[in-house]
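> pasted the sequence and its predicted model underneath.
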Amino acid sequence: MLVMGILNVTPDSFADGGKHFTFDHAVARGLQMIEEGVDIIDIGGESTRPGAERVSEMEEQSRVIPVIKALAGKGAEISIDTMRASTARLAIEAGASIVNDVSGGAADLEMFSTVASLGCKYTLMHWRGHSKDMNEKARYGDVVSEVIEEVTIQLDQALAAGIKRENIVLDPGLGFAKDSEHNWEILKRLDEFLALGYPVLIGHSRKRFIGGDTPDEREAGTLAISESLVGTGIWAVRVHSVAPHVELVK
């Protein structure tokens with residue numbers, strides 16, 4: 001199980017409150033993650049917390065591209081957390097090797113063809129809409145079967161666009177258009193996602209369904225969930241705290 005460390009180059013992310021918004025702070029945190037043994041650094045310039053407004057394409061790119069250039073080649077694989085094809089292309093050209101798209105190709109119709117042309121690894125997440133109104137879309141009968149049904153459509157479209165199957169990672173999208181009970185049900189039935197035959201990424205870190213009033217109060221719960229995932233066959237966990245997760249995996 002790999003450890004993907006979250007590096008939010010944003011002023012409004014829910015879990016770190018903009019601690020790494022400036023270039024210097026972001027690069028320093030990235031270097032710290034590498035020292036702590038992180039496998040992948042996931043760099044994002046647009047908050048996807050519930051209710052978040054979108055930033056412009058230019059603003060997103062001005063935040064992330066310099067940081068990617070500074071950290072590329074320093075010892076960890078770099079992932080770009082973006083829903084925009086143009087940002088994905090610039091990020092890969094700057095030294096990233098993974099595109100982590102929380103919209104699973106739905107936010108930008110150019111994403112699949114762009115990733116196919118880049119030949120990079122692509123993380124495809126289940127998604128029902130942008131952060132501004134995604135909570136209103138958390139309506140399911142059987143959350144696992146419906147998420148699998150919907151994400152299979154996205155996967156088929158990605159393959160049809162030319163993305164190689166071996167380059168695709170699946171993320172069930174904990175917290176995205178899902179209530180607490182939906183998130184726990186997905187975690188209980190991860191074997192059904194693994195049965196699809198793709199590497200699976202789990203992004204549970206410090207999310208509200210864990211409990212606690214603040215993100216920091218959810219760190220113990222985050223580690224407990226991560227511990228339960230060791231040995232299940234998932235590909236990676238996407239987390240804020242790198243050092244304790246690297247130690248856990250060891």
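That came through fine.
> run through this structure and note the low-pLDDT ranges.
Scanning the chain with the threshold set as pLDDT under 70 gives 12-21, 48-52, 131-134.
> now the strands: where do they sit in the chain?
Remark: strands assigned in the chain by DSSP state E are 2-8, 40-44, 77-81, 98-101, 121-125, 168-171, 201-202, 236-239.
> and the ones you listed as a markdown table, adding distance to residue 139?
C-beta coordinates here come from the backbone N, C-alpha and C atoms, glycine included. Converted to a markdown table, the strands of the chain look like this (distance: least, Cβ to Cβ, whole Å):
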| stretch | distance to residue 139 |
| --- | --- |
| strand 2-8 | 28 |
| strand 40-44 | 27 |
| strand 77-81 | 26 |
| strand 98-101 | 23 |
| strand 121-125 | 18 |
| strand 168-171 | 20 |
| strand 201-202 | 23 |
| strand 236-239 | 25 |
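> out of these, which gets nearest to residue 34?
Across these, the minimum distance to residue 34, taken as Cβ to Cβ, is reached by strand 40-44, at 7.6 Å.
> gap between that closest one and the chain center?
8 Å (Cα atoms, centre = their mean, to the nearest Å).
> also stretch 190-198?
Centre-to-centre, stretch 190-198 and its host chain are 18 Å apart (Cα atoms, centre = their mean).
> one more: stretch 168-188?
Distance, stretch centre to chain centre, for stretch 168-188: 12 Å (Cα atoms, centre = their mean).
> and the gap between the residue lying farthest from the centre of the chain and residue 180?
Computed with Cα atoms, centre = their mean, the maximum C-alpha offset from the centroid of the chain is found at residue 141, amounting to 25.2 Å. Residue 141 is 17 Å from residue 180, where distance means Cβ to Cβ, to the nearest Å.
> ok, now residue 87?
Taken as Cβ to Cβ, the span from residue 87 to residue 180 is 31 Å.
> more neighbours: those two, which one.
residue 87 (26 against 14; other Cβ atoms under 10 Å).
> my guess is the more buried one meets residue 60, correct?
Yes - proximity of residue 87 to residue 60 meets the contact threshold set by Cβ atoms under 8 Å, at 5.6 Å.
> what bridges to residue 8?
Here residue 8 sits in beta bridges with residue 44, going by DSSP bridges.
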